[in-house]
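[1] Let me see the structure of the following:
(chains A and B)
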Amino acid sequence: MKKILEVNDLHITFSTYGGEIKAVRGVDFELHEGETLAIVGESGCGKSVTANSIMRLIPSPAGKIANGEIIFKGNDLAKESDKNMRKIRGVDISMIFQDPMTALNPTLTIGNQLTEGLRQHKNVSRKEAEQKALEMLDLVGIPNPEERLKQYPHQFSGGMRQRIVIAIALICEPDLLIADEPTTALDVTIQAQILELFETIQEETNVAIILITHDLGVVAKAADRIAVMYAGKIIESGTKYEVFYEPQHPYTQGLLNSIPRLDQKGEKLEPIDGTPPDLFSPPVGCPFTARCPHAMFVCEKVYPLRHEPSETHYADCWLYDERVHTPNLMNKKEETT
Amino acid sequence: MVRYILKRFFMMILTIWIIATLTFVLMNAIPGSPFNEERTSNEAVQENLERHFNLDEPPIVQYFIYLKSIATLDFGPSIKKPNSTVNDLLGRGFPISAELGIIAILVALFSGIILGVLAALRHNGIIDYLAMTIAVLGISIPNFVLATLLIQQLAVNGGFFPVATWQSPMHMVLPTLALATGPMAIIARLTRSSMLEVLTQDYIKMARAKGLAPYKVVIKHALKNALMPVVTILGTLLAGILTGTFVIEKIFAIPGMGKYFVESINQRDYPVIMGTTVFYSAFLVFALFLVDIAYGLLDPRIKLHKEEGN
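    Model (predicted):
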């Protein structure tokens, strides 16, 4: 499998009146053709900002890529000019947004919104573009596409609109599709349909997908690999099975314990106490220390070294380090204070 | 669509009838008559004159005579300008007033929208502050003050433009400027705030994610949505420009309808009051109707009529 995206040590900051928010603090990941990577985490952990930065769509001038590289097919997108970025957006990398009710322009027909990207980037006639649009509507499962092309967004249901958004994203046959919470605004039955649609599309076009979500159910269905983000860092990453069945980081374990399971009836759900740290002045050590049931002295002071149980799986946590078993470091935080 | 237009047409007639009735009542409530000031005339002459213009009839009969004149679109002769009918006055004045009004509204629309869009795109930048300063000045300075200022500075002192009257394009510059600045300022402010709101919408981000050129994102995706509030207040602005023409025409000695309108009230020239009021209201009501149609064209979610089978 060809590697198409490699993100190295990405830092993104936002300047506000209150100071500089370090939204993303050194994120690395890579993506291969036809693969789905799910980035999960709670609100404000930096997952959407990471996704938007690949498209270079973080709101400027407030937000900027402070450091790091985004290597897409050999080019560093972090340093690309705006003009070149426009040739990449929509053609090589596409994006799907969270809320299909607001992602479509209410004053333009579906046909217009479908074909404009194609007409902008590829030298096609109006007729060819419309033909392609019909094919796309057919692919995403919209009945009567000829008639539908002339209609406006308000004439479609939420699920239909998300299908159209997907059709728009795919019309130029991109290599990478970034889906930012594509199912959050939809009800459960439509969610399942949309996720199945992703699967079908991936089989047909071999597109790589970055799936941003906080819904572990969606991850379980759609992802190949998972990256768990917390406070602007990826704290654990692995294949779907590794992360679900052998979670290493206490945060991942907490996340998995906080969702209801069908096979364990009557058990109480375990919430993770506390809130994520303030990103104006993020902690130097592990950001999860304040909420971690296993927190140690060292966690607060030094960011954990990477623990790698397998070639595809890693977690940033001190628990698995041999050295913490020396008595003075192993002391639990609360016992000593 | 046809049904909607017919319905609106009926409503327009109704509106004009109400305005005509109110005008008639008010006109008769003002003390005095067209012939009061003339000292030379004796009573017999005055009676003859009143009979000639049906002023000796009881008010209710006069009212129906007026309604008939509106229905037949023949407002009769002017009392004070014995050589011309009301229709003559309207025919002479309207083209000039319309020219002034239309040029002013077009100037206000284009410059206001351009100013508003630029201000929104350069939010909190120099252009934004400059545009909004112009807008605040434009809103707060009354058009008659601006008009006299323009005459003083650009015509009398500067000598760039003629002082008054309505003859060549050069004559049109100052009255248009005086009339258009207020509405332009309102349009600019409205466009700016509405653009700022629209630019944060998801569909704008989506348009950018498609890799569209920036001008396409702004004009095709943002502006069309941002113009909705502007279209909404266009009706009010039209009314403002219309009344503005009275003052501006007076200041620049432009022989438009406004001049006759103001004069007729001062002189109790009943047929001219009636004719101009009905004409102005008909014009405004029709303009509002066009604004509603434009609204439907801009936003497909607004249906002017119920769709069949829906």
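[2] Pop out the phi and psi values for A:Thr213.
    phi -160, psi 160 (degrees, to the nearest 10).
[3] At the geometric centre of chain A, which residue do we find?
    A:Ile212 (2.5 Å; Cα atoms, centre = their mean).
[4] That one: what's it in contact with?
    A:38-39, A:47-48, A:50-51, A:178-181 (Cβ atoms under 8 Å, 6 or more residues apart in numbering or on different chains). Where C-beta positions appear, they are placed from N, C-alpha and C, glycine not excepted.
[5] did I read that right, it in a strand?
    Yes - remark: A:Ile212 belongs to a strand, assigned using DSSP: H, G, I helix; E, B strand; the rest coil.
[6] Tell me the pLDDT of it.
    On pLDDT, A:Ile212 comes in at 93.
[7] ok, it to B:Met172 distance?
    58 Å (Cβ to Cβ, to the nearest Å).
[8] in the helix or strand hosting B:Ile105, what's buried?
    Taking DSSP states H and E as the definition, B:Ile105 sits inside helix B:86-121. Residues of helix B:86-121 classed as buried by neighbour count (16 or more other Cβ atoms under 10 Å in any protein chain shown): B:86-87, B:89-90, B:93-94, B:96-97, B:100-101, B:103-105, B:107-109, B:111-113, B:115-121.
[9] The next helix-or-strand element following it packs against which elements?
    Sequence-wise, the next helix or strand downstream of helix B:86-121 (DSSP H and E) is helix B:126-140. The elements that helix B:126-140 packs onto, with contact taken as 3 or more Cβ pairs under 8 Å, 6 or more residues apart in numbering or on different chains; DSSP states H and E, are helix B:86-121, helix B:169-199.
[10] Now the shortest one: buried residues?
    The reference is to helix B:169-199. Quick answer for helix B:169-199 (16+ other Cβ under 10 Å): B:171-192, B:194-196, B:198-199.
[11] Residue 47: neighbour count?
    All of this is about chain A. 30 (other Cβ atoms under 10 Å in any protein chain shown).
[12] actually chain B
    14.
[13] quick one: secondary structure of A:Lys64?
    Going by three-state DSSP: A:Lys64 is strand.
[14] re earlier: show me what the helix holding B:Ile105 is packed up against.
    Using 3+ Cβ pairs under 8 Å, 6+ apart: helix B:86-121 touches helix B:126-140, helix B:169-199, helix B:224-251, helix B:257-266, helix B:270-298.
[15] any weak-confidence spans in the stretch 201-310 of chain B?
    The model of the stretch 201-310 of chain B has pLDDT under 70 over residues B:303-310.
[16] Residue of the stretch 151-300 of chain A nearest chain B, please.
    A:Tyr152 (4.3 Å; Cβ to the nearest Cβ).
[17] How about the stretch 51-200 of chain B: which residue is closest to chain A?
    For the stretch 51-200 of chain B, Cβ to the nearest Cβ, closest residue to chain A: B:Thr200, 8.8 Å.
[18] What distance do you get for that residue to B:Ile219?
    17 Å.
[19] how close does the most centrally placed residue in chain B get to chain A?
    Nearest to the centroid of the C-alpha atoms of chain B, with distances taken as Cα atoms, centre = their mean, sits B:Leu242, at 2.6 Å. Between B:Leu242 and chain A the computed distance is 29 Å (Cβ to the nearest Cβ, to the nearest Å).
[20] Show me what the residue nearest to the centre of chain A is bridged to.
    Per DSSP bridges, the residues bridged to A:Ile212 are A:Ile39, A:Asp180.
[21] What's the mean pLDDT across the helix ranked longest in chain A?
    Taking DSSP state H as the criterion, chain A has its longest helix at helix A:188-205. Mean per-residue pLDDT for helix A:188-205: 88.
[22] Any chance you could list what contacts that helix?
    In contact with helix A:188-205 (Cβ under 8 Å, 6+ apart) are residues A:34, A:36, A:139-141, A:158-159, A:162-163, A:166, A:170, A:173, A:179, A:182-183, A:186, A:207, A:209, A:211, A:218, A:221-222.
[23] What about chain B: which of those touch it?
    Checking the contacts of helix A:188-205 against chain B by Cβ under 8 Å from any Cβ of the partner chain, not one of them is in range.
[24] now, which of the residues you listed lie within strands?
    A:36, A:179, A:209, A:211 (DSSP state E).
[25] so who does the third one touch?
    The reference is to A:Ile209. Per Cβ under 8 Å, 6+ apart, neighbours of A:Ile209: A:35-37, A:176-179, A:198, A:202, A:222.
[26] before we move on, the earlier item: thought B:Arg301 was touching the residue of the stretch 151-300 of chain A closest to chain B, still the case?
    Yes - if you go by Cβ atoms under 8 Å, A:Tyr152 and B:Arg301 touch, sitting 7.1 Å apart.
[27] B:Ile248 touches B:Gly101, doesn't it?
    No - using Cβ under 8 Å, B:Ile248 is not in contact with B:Gly101; the gap is 9.6 Å.
[28] Name the residues contacting each of those two.
    Between them, B:Ile248 and B:Gly101 share the contacting residues B:Leu179, judged by Cβ under 8 Å, 6+ apart.
[29] Run a quick neighbour tally on the residue of the stretch 51-200 of chain B closest to chain A.
    With other Cβ under 10 Å as criterion, B:Thr200 counts 9.
[30] What ranges in the stretch 201-337 of chain A fall below the confidence cut-off?
    A:326-337.
[31] where exactly do the strands run in it?
    A:208-213, A:225-230, A:233-239, A:306-310, A:313-316 (DSSP state E, counting those that start in this stretch).
[32] list the contacts for B:Ile70?
    Applying Cβ under 8 Å, 6+ apart, the residues near B:Ile70 are B:16, B:20, B:274, B:278.
[33] Fine by me, thanks again.
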